[in-house]
Structure formats: structure tokens, C-alpha cells
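Participant: Attaching a predicted model along with its sequence, questions to come.
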Amino acid sequence: MDVRWSDRKRTWFGLPWTFTKYTLTDEKLCIKTGFFTTVEEEIRLYRIIDMTLKRTLGQKIFGLGTIHVCSGDKTSPEFDIERVKDPSTVKELLSDLVEAERLKKKTIGREVFYDPVDDNDDDD
């Protein structure tokens, strides 16, 4: 499987001196964290529902950003791809790969609509 993008979570000054590494392939996003105890999390791209790019003033100065991701994954329904370089390009790449994977797997994003006025269980 070809790696499409890989980077580390960066410090506030843009230096890659952290123990969080992101790897994106055509089918999944892997997040590896920790030094003494490492945790490897894998999110299948077709499960990603929504993404939001967040950039503080400090992140803008150093060319960084955080991508907030909502997914249908049970262990990681929401997570952040924190302080990465060129976040707009990364978000666009991730979005394109998510759509390609959904088409490949013939998966349609499911929207859940909730009507707060009609929250009872009767059938009238």
C-alpha cells in the first residue's frame, strides 16, 4: 500500500519533536502516539464523515493547522490531526481519498436527522 502522506504532530513552533506520527494511505489513516507506551490507531477512510480545518493565529504564523475529523469508527468517533504542516492541502487530499474509497466500496455517507419537536416513540 502506497503512503500518500506522512507527517508528525509538530510543536507550537512548527518543529516535528513530538511522538505522534500520522500516515495516510489510499484506504486508511494511521495515528501512532507515545514513546514508552505506543498506541497505533487505524481509521478506515470510508468511515470518515466530516472534516473541519482549525487554525489559531500562532498556527497560521508557523504554517500549521489542526484538522478535526468526525467518523463512524466506534473507537474514534472524533479525533484531531493536530498541528500539521500545510493543513489545507492535507485536508483536501484526505477528502479526495475518502470520496474515492467510498465510491470503491460503494458506501454512502449516512446522515442522521433528529427532530427535537417529535422525539416521542409513538407512531402518530
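Facilitator: Sure thing, it's come through.

Participant: All the helices of this structure, in order from the start?
Facilitator: All helices of the chain, identified by DSSP state H, fall at 57-61, 87-105.

Participant: Quick one: closest of those to residue 21.
Facilitator: Taking CB to CB, helix 87-105 is the member of the helices of the chain nearest to residue 21, at 13.8 Å. From N, CA and C alone the C-beta is placed, and that goes for glycine too.

Participant: what residues does that closest one touch?
Facilitator: Residues from elsewhere that reach helix 87-105 (CB atoms under 8 Å, 6 or more residues apart in numbering): 4-5, 7, 24, 26-27, 29, 44-46, 48, 51, 53, 55, 64-67, 69, 81, 84, 107-109.

Participant: Which of the residues you listed are buried? Put it as a ChimeraX command.
Facilitator: Selection command for ChimeraX covering only the buried members of these, criterion 16 or more other CB atoms under 10 Å:
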select :5,7,24,29,44,45,46,48,51,55,64,65,66,67,69,81,84
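
Participant: Can you measure across stretch 20-35, start residue to end residue?
Facilitator: By CA to CA, to the nearest Å, the extent of stretch 20-35 from end to end equals 9 Å.

Participant: Any idea how many residues pack against the nearest residue to residue 31 once chain neighbours are set aside?
Facilitator: In this structure, residue 31 finds its nearest non-sequential neighbour in residue 41, 4.5 Å apart by CB to CB, 6 or more residues apart in numbering. Look at residue 41: counted by other CB atoms under 10 Å, it has 14 neighbours.

Participant: check contacts around residue 41.
Facilitator: With contacts defined as CB under 8 Å, 6+ apart, residue 41 is in contact with 30-33, 75-76, 79.
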